[in-house]
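**Student:** quick one: sequence and predicted model below, then my questions.
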Amino acid sequence: MAFKKVTLSPEEEAALQGGGNFFKFSGIGSKMLGRFVKSQPQTGQYAKKDREDYVFRVAAKDEHGQVIAGKTEEVTVNATKKLHAQLQKAHLKPGWPVKITLIAEIEIGMPNKMPEYDVEFDDSAPAGKPAAPPPPPPPADDDIPF
């Protein structure tokens, strides 16, 4: 008889812990600007059955908070009850630009204050390729080069 060790891939371990890169608002006025990727049921130690986490693609930043040109990353927003309701009401579709702004932290008599957010999204059709220029007009009879 031979025993085989069961190991989880890094992706499977991340999924068990809520996974991924969570977006952290640094203070009142901080914003998350990105494109909606997907929503997924919350997982991990503090997951709530009726809530979802929202995944967005944002501009990647270096360790100093500076945007890295041309590089993006996916971040997860662990929504509070009110933020979850706002995002759910928006009926987001993948690819839509979304801006979430922390506008206040309300004192509720607990050690942590309750964050208040503004949610804005753009559901207009993405800009397509510009139309090709029309072909040049045919030369007129008097435009014959000599």
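**Tutor:** Thanks, I have it.

**Student:** mind listing the residues bridging to L102?
**Tutor:** Using DSSP bridges, the bridge partners assigned to L102 are Y117.

**Student:** can you report how many residues lie near it?
**Tutor:** Neighbourhood size, L102 [other CB atoms under 10 Å]: 18. All C-beta spots, glycine's among them, are computed from the backbone N, C-alpha and C.

**Student:** please pull out the lowest mean pLDDT helix or strand from the chain.
**Tutor:** Least confident helix or strand of the chain, by mean pLDDT, DSSP states H and E, is helix 10-16 with a mean of 63.

**Student:** next SSE after it?
**Tutor:** Using DSSP states H and E, the helix or strand that follows helix 10-16 in sequence is strand 31-41.

**Student:** surely L83 and A90 touch.
**Tutor:** No - using CB atoms under 8 Å, L83 is not in contact with A90, being 10.7 Å away.

**Student:** which residues of the protein score low on pLDDT?
**Tutor:** Within the chain, the ranges that satisfy pLDDT under 70 run 1, 11-20, 125-128, 139-146.
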